[in-house]
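J.: give me a model of this one.
(one chain, ligands or ions: 4)
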Amino acid sequence: AKDSGRNQAVYFSKVLDTEIKQKVRLEHKLKHALSENELSVYLQPQYNATAKKFFWAEALIRWIDKEDGFIPPDKFIGLAEETGLIHEIGLFVLREVCAFISKNEAYLTDLGIEGVAVNLSARQFFAKGFLDEIKQVLVEFSVRPEQLEFELTESMVMENTQHAIEIMHQLRDLGIRLSIDDFGTGYSSLAYLKRFPIHSVKIDRSFIRDIPDDQHDVEIASAIIAMAQKLGLEIIAEGVETQLQSDFLHEQGCSFMQGYFYAKPMPFQNVLELSHSESEQ
Ligand code: C2E
Ligand code: CA
Ligand code: CA
Ligand code: CA
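T.: Ligands and ions are numbered 1, 2, ... in the order given. Got it, this is the predicted structure:
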């Protein structure tokens, strides 16, 4: 028994060893990707089912590596947060988005796309120079704050609620819209939600997936929509993949939707083309 215990310890230390090596390798690659400009930003258009047109878009980071191919954000955002690389990545995403808005402002307005939502990580959000950095980027690209939205997660704002609310107010005072991402998966209470100066909540994809078959999810999604309406918040559903899901959500009073059914994440240029063909119909 003693021996097998030792063998297990050896086994685990080996597993740990490979995990650490993989992490170090990935971190190294990520740094390289940043400096070599191998990261890019895609946009996923968001649809207004009442007005029957796209109206916003979410920015999503993309990393296509020469050896490993497409590396999904879920595989490296956590690591970027741990290592602090997220500051650089976050700034890169914001600058790319602002450059795009600025360059295509008239065109986007024409198409009805009002702005772009950017995901924030906790480390960026709580960083000291964050607000000044945002202001600088807005000025540099002459982007109006109203054209930007920041998506925050529940866990992020519940980490240090009082401080989070202060920062949220500063961003809101600047004119930037705020939304709570992955809503329903965290643990923010209704009492808190009321205190957050937010514009909208995004119903998490996990509640949308099995609609309308799963009665449980149907109830949860309806309840979130009703609650958002009572609080005067906008509501957007993510991960909408089917007509049935879309119809159900629309009936419940949720007009704003994001998902493969309407559009997949795509390079900037494709957004302009897609929206263009849409508006010609
Ligand atoms: P998220 O913010 O919840 O983003 C939505 C995710 O759902 C995206 O995955 C998107 O591609 C995917 N998605 C959209 N519509 C559908 C659909 O109809 N069906 C399915 N199955 N998936 C759909 P992605 O791009 O892999 O991003 C994963 C996560 O990585 C994001 O989740 C976000 O938390 C994080 N992330 C992505 N870009 C950034 C970034 O620039 N900064 C930070 N901090 N996090 C980011
Ligand atoms: Ca998001
Ligand atoms: Ca989400
Ligand atoms: Ca998510």
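J.: quick one: the strands in the protein, in order.
T.: Assigned by DSSP state E, the strands in the chain fall at 39-48, 53-65, 69-70, 115-119, 148-153, 177-183, 200-203, 234-238, 256-258, 266-267.
J.: and the ones you listed as CSV, adding distance to residue 247?
T.: For the C-beta atoms, the positions are set from N, CA and C on the backbone; glycine is no exception. Shown next, in CSV, are those (distance: least, CB to CB, whole Å):
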stretch, distance to residue 247
strand 39-48, 13
strand 53-65, 18
strand 69-70, 32
strand 115-119, 24
strand 148-153, 26
strand 177-183, 21
strand 200-203, 15
strand 234-238, 12
strand 256-258, 11
strand 266-267, 24
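J.: now these as a markdown table including distance to ligand 3 and mean neighbour count?
T.: Listed next are the strands of the chain as a markdown table, based on distance: least, CB to the ion, whole Å; neighbours: other CB atoms under 10 Å:
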| stretch | distance to ligand 3 | mean neighbour count |
| --- | --- | --- |
| strand 39-48 | 10 | 21 |
| strand 53-65 | 8 | 20 |
| strand 69-70 | 19 | 8 |
| strand 115-119 | 8 | 23 |
| strand 148-153 | 7 | 23 |
| strand 177-183 | 4 | 22 |
| strand 200-203 | 5 | 24 |
| strand 234-238 | 5 | 24 |
| strand 256-258 | 9 | 24 |
| strand 266-267 | 17 | 14 |
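J.: for residue 135, which of those is the nearest?
T.: With CB to CB, the closest approach to residue 135 among those belongs to strand 148-153: 11.5 Å.
J.: for the spatially most central residue of the chain, which non-adjacent residue is closest in space?
T.: By CA atoms, centre = their mean, the mean C-alpha position of the chain lies nearest to residue 119, the distance being 3.8 Å. Leaving aside its sequence neighbours, residue 119 sits nearest to residue 151 (CB to CB, 6 or more residues apart in numbering; 4.9 Å).
J.: which among the strands of the chain is found nearest to residue 76?
T.: Closest approach to residue 76 among those (CB to CB): strand 53-65, 6.6 Å.
J.: can you tell me how far residue 247 is from residue 271?
T.: Distance of residue 247 to residue 271, computed by CB to CB, to the nearest Å: 25 Å.
J.: which of these two has more neighbours?
T.: residue 271 (25 against 13; other CB atoms under 10 Å).
J.: for the residue nearest to the more buried one when sequence neighbours are not counted, list the residues it contacts.
T.: Distances taken as CB to CB, 6+ apart put residue 43 closest to residue 271, at 4.9 Å, once the chain neighbours are dropped. The contact partners of residue 43, by CB atoms under 8 Å, 6 or more residues apart in numbering, come to 57, 58, 59, 60, 100, 116, 265, 266, 267, 268, 271.
J.: mind redoing it with 10 Å?
T.: Shown in contact with residue 43 (CB atoms under 10 Å, 6 or more residues apart in numbering): 56-60, 96-97, 100, 113, 116-117, 263, 265-272, 274.
J.: how about residue 273?
T.: By CB under 10 Å, 6+ apart, residue 273 lies in contact with 266, 267.
J.: how near is it to ligand 3?
T.: Counting by CB to the ion, to the nearest Å, the gap from residue 273 to ligand 3 is 25 Å.
J.: what does residue 223 give?
T.: According to CB to the ion, residue 223 stands 18 Å off from ligand 3.
J.: please apply the same query to residue 22.
T.: In terms of CB to the ion, residue 22 sits 26 Å off from ligand 3.
J.: same deal with residue 72?
T.: Computed as CB to the ion, the residue 72 to ligand 3 distance reads 14 Å.
J.: my read: that residue touches residue 62, true?
T.: Yes - counting by CB atoms under 10 Å, residue 62 is a contact partner of residue 72 at 9.1 Å.
J.: interface residues of the stretch 151-281 of the chain facing ligand 1?
T.: Residues of the stretch 151-281 of the chain found near ligand 1 (CB under 6 Å from any ligand atom) are 181, 182, 205, 238, 239, 240, 241, 258, 259, 260, 265.
J.: hmm, the fifth one is touching residue 204, no?
T.: Same thing as residue 239. Yes - between residue 239 and residue 204 there is a contact under CB under 10 Å: 7.8 Å.
J.: cool, thanks, signing off.
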